[in-house]
Every structure is written in structure tokens, then in C-alpha cells.
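Visitor: I would like the atomic coordinates for the input below:
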Amino acid sequence: MKKSKERKCALCLQEKELCNSHILPEFFFKPLYDENHRFQLIPSTNEEKIYYEQKGIRESLLCEECEEQLSRYERYTSQLFYGGEGVYYTNENPVRIEEIDYKKFKLFQLSLLFRASVSNLDFFKNVNLGPHEEKIRKMLNDEDPGGENDYPCIILIPETRGRLMSDELIVMPEELNKFEGHRQYRFILGGCFWVYLVSSHTVMFSFKKFFLKEDGKLLIPIENADRFLNALAKDMLKFNRKVMGMG
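Guide: Numbers count the residues shown, from 1 in each chain. Just a heads-up that it's a prediction; the model follows:
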């Protein structure tokens, strides 16, 4: 594992040698790789160039011990989504999953949000947790997932024209408009929308039935996303035409 010069780890806050940490787990990038194990990274502005990467989105962020801690949650989640071993799925809408390891999966969810917030990379510039960043850091450092109302994440499966969204799409996370007084951040990963609620009063949230439950149950609704995906496709087409000098 490649390491950088010693400085403070973003998670344990100790002065240690840092790893070239992946901000988003590697398993989300696997569907994007070409035959040369590269994926195309589209920047956020037209002034920047399209370039290729071979190893996710990385940054000097965590020490080796903290990197391994978060990797345990990633390995579990990779198996949960792509292996399905040890859990029960239904093909209904909403999709129902049971027998999830609440601690591992909740800490995985929190680790995504935390890493995006502490990252200095432009890709994550829209995620700024303010005082909640330190609260989530402590939860992760103590391996405390909190309760189901603590920084919950609603996972949705988007569909358009009767087809589910491809998992070959990773989009820059964004802050959404507040809903019922809650700040919301949306990630698009693994063919799903991951919508985080960052608030200290989520107990009364309308859609709490879609929170990960402490008994290991999770409901994932399938929602029509025609408007969002059509707008995204138009933006990408406009950007590609400009890059190619076509307009």
C-alpha cells in the first residue's frame, strides 16, 4: 500500500504515515474499468480535461490502521451487494433485505459520508458536514454506529423507462434542498441513490421506514428517476460536445 509522508490521520487524528486512501470503495469502480483497467473521470468544469485513472479516487488521508478498519466495512458491504451471502432478499418494491450486520453496514455508510467531507478533492467539494463531521469522526473512531436515527442513509434504486439505472455511473455528490428541516446529501454509486440526512432531529422524519434498522432489516424503494437521469444525460452530452469542439 503506497504511503505518503507522515502527517495527521483524518480519522484517529494521530501523526502517522498516511496511505493513498480511496475515498470511494474500489468495488464501486469495477463496472467502470475498460480493458486496460482504466476509467474515465469527467471533471466538474469545462476548463478541465478529461483524464483516466486506474485506481478509484484516492488521497493521502488515513493511516494504515484506520484504512484497514474502514476496509473491513467495505469488504462486508461488497459481499452484501454483490455476493448476497448470509442475507435474505425479496424482489418486491420496495426491495426488502434482512439479516444485515447493522454495525458493519451502518459504519460503512458513515465512512462514505465522512471521507467525502474531509476530502480536499474537487470531486467532493459539495459535501461539507460542519460540526457533524467531528461527531461522525468520533463514531467511526470508536466503532459506534449509533442508532437508526443517527445520520441515516436512505438507499433508492432509480429506474427510467422501466429499466434500472446502470451501476456504471458515479456522479459527483451534491447537497440537495432541505427536506423537513434536514440537510441532504446525495451520492450515486452502484446503481443506487444514497441520500444522507444530516441533522440532530431525524426521529420525526417522514420516511424513516427506509432507514437501516438495528435488527438488520432494510427497505430499498425503486423510484422513477426519468427527470433526473434525462437532465444528467443532456448535461453530459453538452459537455462532451464542447470538449470535442462541436458546440
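
Visitor: gap between R137 and C192?
Guide: R137 sits 25 Å away from C192, going by CB to CB, to the nearest Å. C-beta coordinates here come from the backbone N, C-alpha and C atoms, glycine included.

Visitor: Would you mind identifying the next helix or strand past the helix or strand bottoming out on mean pLDDT in the chain?
Guide: Averaged element by element with mean pLDDT, DSSP states H and E, the chain has its least confident helix or strand at strand 51-53 (a mean of 48). Of the helices and strands lying after strand 51-53 in sequence (DSSP states H and E), the nearest is strand 58-63.

Visitor: who does that following strand pair up with?
Guide: With DSSP bridges as the test, strand 58-63 is paired with strand 15-22 (antiparallel).

Visitor: Now the strand it pairs with: average pLDDT?
Guide: Confidence over strand 15-22 (mean pLDDT, whole number) is 94.

Visitor: Now do the buried residues in that strand.
Guide: 16, 18-22 (16 or more other CB atoms under 10 Å).

Visitor: ok, so of those residues, who is nearest R115?
Guide: Closest approach to R115 among the buried residues of strand 15-22 (CB to CB): S21, at 7.6 Å.

Visitor: which residues does the closest one contact?
Guide: By CB atoms under 8 Å, 6 or more residues apart in numbering, S21 lies in contact with 58-62, 67, 115.

Visitor: at 7 Å instead, please
Guide: 58-59, 61-62, 67 (CB atoms under 7 Å, 6 or more residues apart in numbering).

Visitor: just to revisit the earlier point, switch the buried residues of strand 15-22 over to TSV; also include distance to S200.
Guide: Output for these, formatted as TSV (distance: CB to CB, whole Å):
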residue	distance to S200
K16	31
L18	31
C19	32
N20	34
S21	28
H22	30
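
Visitor: Tell me the one among these nearest to Q184.
Guide: Once CB to CB is applied, the member of these that ends up nearest Q184 is H22, at 24.2 Å.

Visitor: Got the confidence number for the residue nearest to K16 when sequence neighbours are not counted?
Guide: Nearest non-adjacent residue to K16, counting by CB to CB, 6 or more residues apart in numbering: C63, 3.9 Å away. We have a pLDDT of 97 for C63.

Visitor: how near is C63 to N120?
Guide: From C63 to N120 the distance is 17 Å (CB to CB).
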